[in-house]
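Enquirer: Quick one, fold the following:
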Amino acid sequence: MINLNRVLISGFLGSDPETKKAGNSTVTRFSIAVNDRWTDNEGERQERTHWIPVVAWNSRGENAAKFIHKGSHVLVEGSLSVSSWDDKESGDKRSKTEVVASQIIFLDRKSES
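Expert: Modelled structure (predicted):
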């Protein structure tokens with residue numbers, strides 16, 4: 001049986017990447033907007049934007065933060081990571097899913113970036 005956890009996302013950054021220290025490492029976070037477009041049953045064009053959170057560790061994230069910014073077009077390859085916890089205030093179960101980047105490709109033309 002084969003197990004595979006690979007994600008390939010192409011879209012535009014919704015805000016500038018944020019880099020923070022995490023112990024002896026750095027972590028860079030940003031979100032990518034990915035649009036779905038379709039025609040509904042009445043023939044009307046529809047569009048929905050999905051915001052995909054991305055995390056990049058150490059030099060991969062630091063380099064990305066130097067070259068990409070809000071509006072940049074990128075292609076991210078990575079894996080899905082799901083974490084869950086109990087909210088300290090409400091006690092409710094919380095979870096998040098994000099893409100852990102193994103490769104970030106800058107798709108903007110040089111004159112645009």
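Enquirer: pLDDT value on residue 111, please?
Expert: What the model reports as pLDDT for residue 111 is 54.
Enquirer: same thing with residue 48?
Expert: Reported pLDDT for residue 48: 95.
Enquirer: List the contacts of it.
Expert: By C-beta atoms under 8 Å, 6 or more residues apart in numbering, the contact set of residue 48 is 35, 36. Every residue, glycine included, has its C-beta placed from N, CA and C.
Enquirer: What's opposite it in the beta bridge?
Expert: In this structure, residue 48 bridges to residue 36 when assessed by DSSP bridges.
Enquirer: Residue ranges in the protein under the pLDDT threshold?
Expert: 110-113 (pLDDT under 70).
Enquirer: and the spatially most central residue of it, helix, strand or coil?
Expert: The chain has residue 54 as the residue nearest its centroid, 2.8 Å off, counting by C-alpha atoms, centre = their mean. Secondary structure for residue 54, judged by DSSP: H, G, I helix; E, B strand; the rest coil, is strand.
Enquirer: Touching, it and residue 102? I think so.
Expert: No - checked against C-beta atoms under 8 Å, the pair residue 54 and residue 102 is beyond contact range at 10.9 Å.
Enquirer: Cool, thanks, talk later.
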